[in-house]
Structure formats: structure tokens, C-alpha cells
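Visitor: Provided below for reference: sequence and predicted model.
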Amino acid sequence: MSQTQRTVVVLAAGEGKRMKSATPKVLHPLLGRTLVGHVLSAAAAARAEHTIVVVGHKADQVTAHLGEIAPEATPVLQAQQNGTGHAVRIALEAAPDAAGTVVVLNGDVPLLRPDTVEALVVAHEQAGSAGTVLAAEVADPTGLGRVVRDASGRLERIVEERDASPEVRAVREVNAGIYAFDAALLREALSKLSTENDQGEEYLTDVFELLTSVGHPVGVFVAPDAEETLGCNDRAELAGLRARLRDRVNTAWLRAGVSIFDPATAWIDVTVTLEPDAQIEPNCRLTGRTTVAAGAVIGPDTTLEDTTVGEGATVLRTHSIGAEVGPAATVGPFSYLRPGTRLGRKAKVGGFVETKNAELGDGAKVPHLTYVGDATIGAKANIGAGTIFANYDGVNKHHTTVGEAAFVGSDTVLIAPVEIGPGAYVAAGSAIDKGVPAGNLGVTRAQQRNIEGWTERKRPGTVSADAAQRAADQQK
Ligand code: UD1
Ligand code: CA
């Protein structure tokens, strides 16, 4: 039997006033996706032919975001937000061919699981209902629509809190804002919605009473886990959702064999990939397309954004964006890896080192206090403490190449474009702008000279002069 035709409608036109933000509510981020991104990802389980997202408040911004994350979805403009029923009506007007099942989701329920969407749709279609609402029993139903059932437990209607009697307010079973409908019956009911309610809006929830009043069967699907139905109205709720999603993500990784020392302080985007035996120390944030291979140790106190970490590497107290850390490489503490950093096997980036667009070959070392910008460093080369790769002439960026097993002494400036050959040495304190051929020593320092008796003559009576005097006495 072929699947019933399905259409998904996501409601994302509201402003979300209580967020008090210049950013529309549905675009707020939550561990790797926006709120609407999470909802679309859960809605994918409905395997719909067509996805419509109703946009309104800052429609340009929301539409641009959809173009990035869900180019297959069709944005439909609801110029004035006259209610959830009005929003769905406009969506279906834009999709005259939509038949079969229409799945409607509020854009602000990011913890919804794909399995729940699928189960709701299957239950709805198997029961042959005209409409099915996802409901949840909650401890505090404040602000939510209440599910009102008749004596035999059948859904009668959904009542918004502001329109509810005290008895209805006492109900703790609430509408999650996620539904499945028969497309034709939904269209018909939407055309009959009134605005006679406290907000003067067309409520999608009124569709249920309209359907039951003419004898169409409707149903309630109770969410297996009430947490999934939590909406987001202000930033306190957003922070609460983030902590719940963090726990969900971390529990899944722990079960998959990843060590997480302190799950309360490991913030891992849903888009990140970790291998078994990866180890996450306290206070870490892993975002975007970050991947961590087996046996690698991350943290404590580390942020990895779009960073790839190889097997057995360690990345300690580091901030990394767009870097590739090779197997068994070591990074940190206090390192800053910027985009285009690529570290080979067993390469080392040590304390207070910043790298950008820099490739380090296998076993190459930059152990201390160095800036490496726009450089290729060969395998086993060693860059001394305090070396600066001067890549910028004020107008353009230039490249530096350091050959295999070259040795750059401390406090050197390599003025790009410049090349240090394989096995070459650079004397500490040099400023190199002409390059050093393979196997040569490059040195640009002035010769040292000592002026005898200088302290006694120029700084008489100081502690330094006293110390110099005592040293001279001991020599005698
Ligand atoms: C809605 C439900 C309520 C349910 C709650 C769950 C109605 C009338 N009430 O209430 O029963 O318990 O969700 O969170 O549906 N939107 C539009 N266009 C509009 C109005 C809203 O696209 O004209 C979008 C919003 O952006 C949001 C969603 O619809 O994503 C829900 O809107 P919201 O105003 O938050 O509805 P609630 O009052 O929370
Ligand atoms: Ca809401």
C-alpha cells in the first residue's frame, strides 16, 4: 500500500515578544540548530512530499535561514499574525493540491523527537481520524491550551487558558501545538473559524470542536515524554530547554562509549560526531561540524568549532575554529587555532600559540608563545619560543615555508614571503626576510660586545653596582 500523501506545515510567523530580541524567536540557536531547524528536523520523520513554513515577523531573515537549512521547504508569508488557524489557512491556500494528511507543528518546540512525529501521524492515519492532537500531561499547564475530554475520554475541544473556566484551567493535559489532520476536512473547518475569543484571533485549536460538532472522529495522541512538547517563550525557557537537550545529547554519547567527565558542563551540538573512547573533560563546548576520534582527550576548558580531532590527540584549554588536529597531536594549554590550521600526526602546538591558515607536518613543533599565520611547516621542524610569522605587510598577506626538520631559534621574526629550507637553522633573535637555504644557518643579529665596568661607572650606589662589586671581590 502506498503511503498517504502528506504535507508538513510549520508555524513560524510569530515574533516571540517575550524573547525581547531583535532576532525572531524561531531563529534562536539551541545546540547546533535554530528552534525552527530542530522542528524541521523532527518533522522530516513524517516523510512529507511538501513542507511549508509560515513566515511573517522578519520574514526575510527567516526565509534566508530556511534557504540554508531546508531549501526544499516553501516559505509562505502571513503578513499579519491573525492566529494559528489563520496561519494554517494561508499555508493551505498556497498548496491547493495538498491532500491526505497535513501535519502542523508550532515552530518553537525544539525537543520534539522524530519518532514521536512518526507515531502521531501513524496513529492518526490508522484511526482514520479527521484530526489528532499531540498532548502531554504536565505539572504546570500555565499559559497552554487545555485538552478537554468528555465523560468517555474522547476529545471534545481545546480551550486556550485565557478563554477557560476555572474547571478547565484545572486540567493538566495540554496541547503541545503539534497535530495531524485530514487535509480536506481541515480546509473545510478552517473556512469556518471565528475570531470570537479573548485575543480576537483565528485559533487552529477551534478546528477540533468544529470537527466533532459535525460528527467527525478526532483523537488525542499522548506524547511518550512530556519534555518533548515543551515550547519556548522567553530566554529562561530557552536556557531550560538547552540544559535538557544537553543532557539528552550527553546521555546518548555516554551510552555510545564516549567519556564525559562532567555532563553538566559539556555542551555538545547535535551536529557534532564523537567516536567511542573519545574523552571530554569539564567545561567544553563542541559546536558545528566538529568531530572527535577515538582516544582523543578534549579539555578541560576547551571550545571546538567546526574542528576535526584525530585519534589519540589531546586538546587542552584551547579555542579552535575550523582546524584539523591530526592523530596523536597535542594542543594547548592556552592555544588559539584559527581557520585553515592543519596539524599532522604527532604535531605539537603549545602554550600561548596562535595559528591561522597554517599547516604543520607530522611531528612538527611550535611549543611556546608563537604566532603562525599563513605558513607551511615541514615534518619534524621545530619553531622556537616567541617566533612570529610576520605574514601581513599592512596591505597583503604572504606565505612562509619552513622545510622538513628545520630549526628556528627563539624570538625570531620570519618576514613573509620567505622560505627556510629543509634542515636549515635560524639563530635565535634573527629577523629573516631573505630566506635560508637547506642546511644553512641564518643569522641576522648584531655581534655582542661587553663594556667592562659599565655598571660601576654609570650606576654607582645601586644594588646592581653592589652585586657587581661583590662578584669582582670573589674573583680576586
Ligand atoms: C498555541 C496553542 C495552544 C498550545 C500552545 C503550545 C493556539 C490557539 N494555541 O498557543 O493551545 O498549548 O500553542 O505551545 O494555537 N504563529 C503563526 N502565526 C500566527 C500565530 C502564531 O505563525 O498568527 C506561530 C508562532 O510563530 C508559533 C506558533 O504559531 O511558532 C504558536 O504560536 P503562539 O502564539 O506561541 O501560540 P500559543 O499562544 O503558545
Ligand atoms: Ca507558544
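Guide: Yep, it's here. Ligands and ions are numbered 1, 2, ... in the order given.
Visitor: just the residues of the protein that are near ligand 1, which are they?
Guide: The chain comes close to ligand 1 at residues 11-14, 54, 56, 78, 81-84, 86-87, 106-108, 144-145, 158, 160, 174-177, 203-205, 231, as judged by Cβ under 6 Å from any ligand atom. C-beta coordinates here come from the backbone N, C-alpha and C atoms, glycine included.
Visitor: Touching, A130 and V218? I think so.
Guide: Yes - under the criterion of Cβ atoms under 8 Å, A130 makes contact with V218 at 5.7 Å.
Visitor: Just the buried ones from the residues of the chain next to ligand 1, in PyMOL syntax?
Guide: The buried subset of those, as determined by 16 or more other Cβ atoms under 10 Å, is captured in PyMOL by this line:
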select buried, resi 11+12+13+14+54+56+78+81+82+83+84+86+87+106+107+108+144+145+158+160+174+175+176+177+203+204+205+231
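Visitor: list the contacts for V171?
Guide: The neighbours of V171, taking Cβ atoms under 8 Å, 6 or more residues apart in numbering as the test, are P141, R146, V147, V148.
Visitor: Neighbour-wise, which one of those leads?
Guide: V147 (27 neighbours; other Cβ atoms under 10 Å).
Visitor: contacting residues around the host helix or strand of it?
Guide: In the assignment (DSSP states H and E), V147 maps to strand 146-149. By Cβ under 8 Å, 6+ apart, the residues outside strand 146-149 that reach it are 133, 135, 155-159, 161, 164, 168-169, 171, 173-175, 220.
Visitor: Do you know the pLDDT at the residue in the stretch 51-200 of the chain that ligand 1 sits nearest to?
Guide: Nearest residue of the stretch 51-200 of the chain to ligand 1, counting by Cβ to the nearest ligand atom: G145, 2.0 Å away. Listed pLDDT for G145 reads 97.
Visitor: and what of the one 5 residues further on?
Guide: Among the per-residue scores, D150 holds a pLDDT of 94.
Visitor: dump the residue contacts of the nearest residue to it once chain neighbours are set aside.
Guide: Counting by Cβ to Cβ, 6 or more residues apart in numbering, D150 lies nearest to E156, which is 5.0 Å off, once chain neighbours are set aside. Taking Cβ under 8 Å, 6+ apart as the criterion, E156 is in contact with V148, R149, D150, F208, E209, T212.
Visitor: Just checking: what are the partner strands of the helix or strand following the strand holding V147?
Guide: Sequence order places strand 155-159 as the next helix or strand after strand 146-149, per DSSP H and E. Strand 155-159 sits in its sheet next to strand 146-149 (antiparallel), going by DSSP bridges.
Visitor: now could you export just the CA positions of the partner strand as PDB?
Guide: Taking C-alpha atoms only, strand 146-149 is exported to PDB below (Å, rounded to 0.1, in the frame of the first residue of the first chain):
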ATOM      1  CA  ARG A 146      -6.100  22.600  27.700                       C
ATOM      2  CA  VAL A 147      -7.300  19.300  26.300                       C
ATOM      3  CA  VAL A 148     -11.000  18.900  27.300                       C
ATOM      4  CA  ARG A 149     -12.300  15.300  27.100                       C
END
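Visitor: Please enumerate the shared neighbours of A130 and V218.
Guide: Both A130 and V218 are contacted by L211, under the criterion Cβ under 8 Å, 6+ apart.
Visitor: And the helices in the stretch 151-300 of the chain?
Guide: With helices called from DSSP state H, counting those that start in this stretch, the stretch 151-300 of the chain shows them at 166-169, 183-190, 206-213, 235-255.
Visitor: out of the ones you listed, deepest packed?
Guide: Ranked by mean neighbour count under mean count of other Cβ atoms under 10 Å, the helices of the stretch 151-300 of the chain are led by helix 206-213, which reaches a mean of 22.
Visitor: Quick check: which helices or strands does that one pack against?
Guide: strand 131-137, strand 155-159, helix 183-190, strand 218-222 (3 or more Cβ pairs under 8 Å, 6 or more residues apart in numbering; DSSP states H and E).
Visitor: Ok, which of the ones you listed comes nearest A468?
Guide: strand 131-137 (82.4 Å; Cβ to Cβ).
Visitor: Note down every partner strand of the closest one and its orientation.
Guide: With DSSP bridges as the test, strand 131-137 is paired with strand 173-182 (antiparallel), strand 218-222 (parallel).
Visitor: Please name the nearest non-neighbouring residue to T132.
Guide: Leaving aside its chain neighbours, T132 sits nearest to H124 (3.8 Å; criterion: Cβ to Cβ, 6+ apart).
Visitor: mind giving me the domain ranges of this protein?
Guide: Here the domain assignment for the chain is 6-229, 257-442, based on automatic domain parsing.
Visitor: Now do M1, the pLDDT please.
Guide: In this model, M1 carries a pLDDT of 54.
Visitor: P327: what's it in contact with?
Guide: By Cβ under 8 Å, 6+ apart, the contact list for P327 reads A293, G310, E311, G312, A313, R345, K346.
Visitor: Tell me if I am right that it is in a strand.
Guide: No - counting by DSSP: H, G, I helix; E, B strand; the rest coil, P327 falls outside a strand, being coil.
Visitor: Where does H86 sit: helix, strand or coil?
Guide: helix.
Visitor: wait, it sits on E202?
Guide: Yes - at 4.0 Å, H86 and E202 qualify as touching, with contact defined as Cβ under 8 Å.
Visitor: The closest residue to A139 other than its chain neighbours and T229: what is the separation?
Guide: Distances taken as Cβ to Cβ, 6+ apart put R172 closest to A139, at 7.2 Å, once the chain neighbours are dropped. Per Cβ to Cβ, to the nearest Å, R172 is found 13 Å from T229.
Visitor: These two: which is more packed in?
Guide: Neighbours were counted for R172 and for T229 using other Cβ under 10 Å; T229 has more, 24 against 15.
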